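J.: quick one: sequence plus predicted model below, questions after.
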Amino acid sequence: MGWSFPWVSSYESDFGFDFGVSVPKEQAAQMVEAGAPPIIERLAAECGTDPAGYMTERQALLAFAIEDGVVYQTYSAFARGVEIMMGFYALLDRAPKGRNESGDSEFWIRRYDEYPGSGAAG
């Protein structure tokens, strides 16, 4: 894209664990056994993993700067604070009923063909 700043990745490092974003699979399995929401199984399958594998990584947005060889953490956001990366939430917040979150599922938004009566899903 022509950007002139360096991008880095935490792949195959302890970085996610250091910042509480990654969870060991054994711990994630215990969370699943303790009663993870039923949607976790579905989301895991859609991602090609099992529920414990799905829960090993959490959403986070972290920013860092380096100056004179010293690295500074300049910003961090987790859970709902990461919504800035998902533009549809800001649009829904301006709708007459906002996000219209209700029911016992925190995953209330669906793709157009997943609503009851769409003919594609129940």
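T.: That came through, no problem. Residues are numbered from 1 along each chain as shown.
J.: show me the chain divided up by domain.
T.: Structural domains of the chain, as assigned by automatic domain parsing, span the residue ranges 13-78, 86-122.
J.: so of these, which one's packed in deepest?
T.: domain 13-78 (a mean of 13; mean count of other C-beta atoms under 10 Å). Glycine gets a C-beta too; all of them are placed from N, C-alpha and C.
J.: which one of the domains of the chain has the lowest average pLDDT?
T.: Among the domains of the chain, domain 86-122 carries the lowest mean pLDDT, a mean of 68.
J.: Met31 contacts Gly53, doesn't it?
T.: No: shown here, Met31 and Gly53 do not form a contact pair, counting by C-beta atoms under 8 Å, at 11.9 Å.
J.: just the strands in the chain please.
T.: With DSSP state E as the definition, the chain shows strands at residue ranges 60-67, 70-78.
J.: quick check: which of those is nearest to Glu12?
T.: Comparison of these against Glu12 by C-beta to C-beta identifies strand 60-67 as nearest, at 17.4 Å.
J.: against which helices or strands is the closest one packed?
T.: The elements that strand 60-67 packs onto, with contact taken as 3 or more C-beta pairs under 8 Å, 6 or more residues apart in numbering; DSSP states H and E, are strand 70-78.
J.: same thing but 10 Å
T.: Where contact means 3 or more C-beta pairs under 10 Å, 6 or more residues apart in numbering; DSSP states H and E, strand 60-67 is packed against helix 15-18, strand 70-78.
J.: any chance of CSV for the ones you listed, columns distance to Pro6?
T.: As requested, those are arranged in CSV below (distance: least, C-beta to C-beta, whole Å):
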stretch, distance to Pro6
helix 15-18, 16
strand 70-78, 13
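J.: nearest to Glu26, of the ones you listed?
T.: helix 15-18 (12.9 Å).
J.: what's the closest one in contact with?
T.: For helix 15-18, the surrounding residues in contact (C-beta atoms under 10 Å, 6 or more residues apart in numbering) are 8-10, 21-24, 56-58, 60, 62.
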